[in-house]
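J.: Have a look at this prediction, sequence included:
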Amino acid sequence: MDIFSVFTLCGGLAFFLFGMNLLSSGLEKMAGGKLESLLKKTTSNPLKGLLLGAAITVAIQSSSAVTVMLVGLVNSGIMQLGQTVCVIMGSNIGTTITAWILGLSGIESDNVFVNLMKPESFSPLLALIGMIFIMGSKSDKKKSIGTVLIGFSILMTGMDMMKNSVAPLADDPNFGKVLTMFTNPIFGVIVGALFTGIIQSSAASVGVLQALAINGGVTYSMAIPIIMGQNIGTCVTALISSIGVNRNAKRVSIIHISFNLIGTMIYLTLYCVLNAVFDFTFSDWQIDAFGIALVHSIFNVATVVLLFPFSKHIEKLAYLIIKDKTEGTAEDEVYSFVDVRLLSTPSVAIRECNSKCKKMAKLAKETIFLAIGLIDNYNEKVYKEVLENEDLLDLYEDKLGTYLVKLSGKELSDLDSQSVSRQLHTIGDFERIGDHAVNILQVAEEMHDKKLNFSSEAKKEIAVLIAALTEILNTTTEAYVNNDVSIAKRVEPLEETIDNLIIEIKTSHIQRLKAGECSIELGFILSDLLTNCERVSDHCSNVAIAIIETSQFSFDAHEYLNTVKRKGNKEFENEYEMYKNKYTINK
């Protein structure tokens, strides 16, 4: 094999891996958040988990990506370890589809129509269609389809390059001597595992083996152990991804490698023993690309059939290998807020961030309600809960902000980009609402410590304001959780109502102060309370604007406010009049 052939082989492998990456990323973008929702449904039904694992792997064309995703989901506490076992088994079946597609390259026939079935015959046309989709379409879905088509074409180009580069080896006597080394099954398993581990793609290593088989010289007895080794080698990606995660996440990679190791040990031993006893005639037959795909599928399906009834035992084995801490010691593992490993599947990561943002919105609302409740009913336990919630909101903003910035640098679909933008624009407002809850808490504490009370008139006015503030918080949270623009549009008229209410309350307070019905000290406390209520409603307005503007793939708060409050905007005026009549202190 000359140096040019070596370079061609390396180039073909590079094309193959790049094409596989494009294909996988395109399919993942098309699938979007469905991957996460599908995985979360595997809570109780092992068979369902098995089928979903196979389906998702077929969808994104990478069992390693599925396992890495599982490591991230378990590390984030989104999935339980037991849920992953059958998904991993299913992913091993799903990954065999690539070998069957590559097997089409081995078709040999003089029939024109049969040759048209060969991927290298139609992949240039797919590449052209894919480029037209990417360059000529504004639809995100069509662009993803274009990426998939181009990725497949590049993958098949790489396969063709590898096949042509190893063609001269068929007549090379030295290569024949090298192949005889693979008659040792242990050596075959080791080589298959090492090669797959280095390139971190079982599909690519199977493709190289198929390229060698197309040109002859590879027998069933050589291929079977190599294919088993390739299934072990593909676990390297999961093992690498398990560095720096909690124990349960480490156990996911242990389950993956245990499954493939146990299957290899049992079936390789069974094959060698039966071959020694019955002397299988097919062992010395030359294997073709379809034969490799068949062996690959039979091995993975047979391993699943063998180990599926023992899924609970495999989970227990993972617990035995990765033990919990000794009795009496505290758990000190650091759990990722949203695991960085999910960045490899951005759509899944974005939906997990969105889930955290929704929790943040609800927590901010609940914290304000708790703080307001302390004004009339002071309680030390609730006091501490408000402070704890505010600390948690600070953590949410810090972690989510950092993670979302990383996500924004990824190649995202339009909808995913919209979601990231909405989240980045709102997490600061939720955190600030928590800060204002602490400020209101301090108002309640001061009133409790100094045994101060508002006048009956002031209490009535504050009750109206609190009712309006409660509605704006509920409306904003509902709009955010459901990403509902129509609900979000109700926030601004209510915010305007609250602003006017606060002006009226301040005016009434000045009149009471002049009449000697209120002290200056209570006036300062009331002013603090009103200021914080106003700021909370302002942040609700910011959140609502973010929902509305990002839905239109833009963000210009000032322009939106100028437009919505422009004289003659009947929708805004009607909503405002309704809220003004609903929340009035002149009843």
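T.: That came through fine. Residues are numbered from 1 along each chain as shown.
J.: From now on I want contacts and neighbour counts done on CA atoms only, so please keep to that.
T.: Fine.
J.: Report the rounded mean pLDDT for stretch 265-280.
T.: Per-residue pLDDT values over stretch 265-280 give a mean of 90.
J.: buried ones in that stretch?
T.: Using 16 or more other CA atoms under 10 Å as the test for burial, stretch 265-280 gives 267-268, 271.
J.: before we move on, what about stretch 346-361?
T.: By 16+ other CA under 10 Å, the buried positions in stretch 346-361 come out as 346-354, 356-361.
J.: Export it to CSV, keeping only CA atoms.
T.: Provided in CSV are the C-alpha atoms of stretch 346-361 (Å, rounded to 0.1, in the frame of the first residue of the first chain):
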residue,chain,number,x,y,z
PRO,A,346,-28.5,21.8,22.1
SER,A,347,-32.2,21.3,21.6
VAL,A,348,-32.3,19.1,24.7
ALA,A,349,-30.1,21.5,26.7
ILE,A,350,-32.4,24.5,25.7
ARG,A,351,-35.5,22.7,26.9
GLU,A,352,-33.9,21.9,30.2
CYS,A,353,-32.8,25.5,30.6
ASN,A,354,-36.4,26.5,29.8
SER,A,355,-37.7,24.1,32.4
LYS,A,356,-35.4,25.7,35.0
CYS,A,357,-36.5,29.2,33.9
LYS,A,358,-40.1,28.3,34.4
LYS,A,359,-39.3,27.1,37.9
MET,A,360,-37.4,30.4,38.5
ALA,A,361,-40.5,32.4,37.4
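J.: How far off centre is that stretch?
T.: Put simply, stretch 346-361 sits 9 Å off its chain's centre (CA atoms, centre = their mean, to the nearest Å).
J.: can you map out the helices along the stretch 451-587 of the chain?
T.: Here the stretch 451-587 of the chain has its helices, by DSSP state H, counting those that start in this stretch, at 456-482, 485-488, 491-514, 520-551, 557-564, 570-582.
J.: could I get those as CSV with mean pLDDT, distance to residue 323 and mean neighbour count?
T.: Formatted as CSV, the helices of the stretch 451-587 of the chain follow (pLDDT from 0 to 100; distance: least, CA to CA, whole Å; neighbours: other CA atoms under 10 Å):
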stretch, mean pLDDT, distance to residue 323, mean neighbour count
helix 456-482, 94, 39, 19
helix 485-488, 92, 49, 18
helix 491-514, 89, 52, 19
helix 520-551, 91, 45, 21
helix 557-564, 63, 53, 12
helix 570-582, 88, 60, 15
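J.: nearest to residue 126, of those?
T.: Evaluated over these, closeness to residue 126 peaks at helix 520-551, with 33.3 Å, by CA to CA.
J.: could you check the angle helix 456-482 makes with that closest one?
T.: Interaxial angle of helix 520-551 relative to helix 456-482 (axes from the mean of the first three to the mean of the last three CA atoms, to 10 degrees): 20 degrees.
J.: Just the ones in helices from the buried residues of stretch 265-280, please.
T.: Cross-referencing the buried residues of stretch 265-280 against helices under DSSP state H gives 267-268, 271.
J.: Turn those into TSV, including distance to residue 467.
T.: Shown next, in TSV, are those (distance: CA to CA, whole Å):
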residue	distance to residue 467
267	70
268	72
271	76
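J.: from these, which is closest to residue 439?
T.: Nearest to residue 439 among these, counting by CA to CA, is residue 267 at 67.5 Å.
J.: measure that closest one to residue 299 for me?
T.: 8 Å (CA to CA, to the nearest Å).
J.: Show the pLDDT at residue 395.
T.: In this prediction, residue 395 has a pLDDT value of 90.
J.: what's the following helix or strand after the strand or helix carrying it?
T.: For residue 395, the enclosing helix or strand under DSSP states H and E is helix 380-408. Per DSSP H and E, helix 380-408 leads on to helix 414-449 as the next helix or strand towards the C-terminus.
J.: Which positions in that next one come out as buried?
T.: Going by neighbour count (16+ other CA under 10 Å), the buried part of helix 414-449 is 416-445, 447-448.
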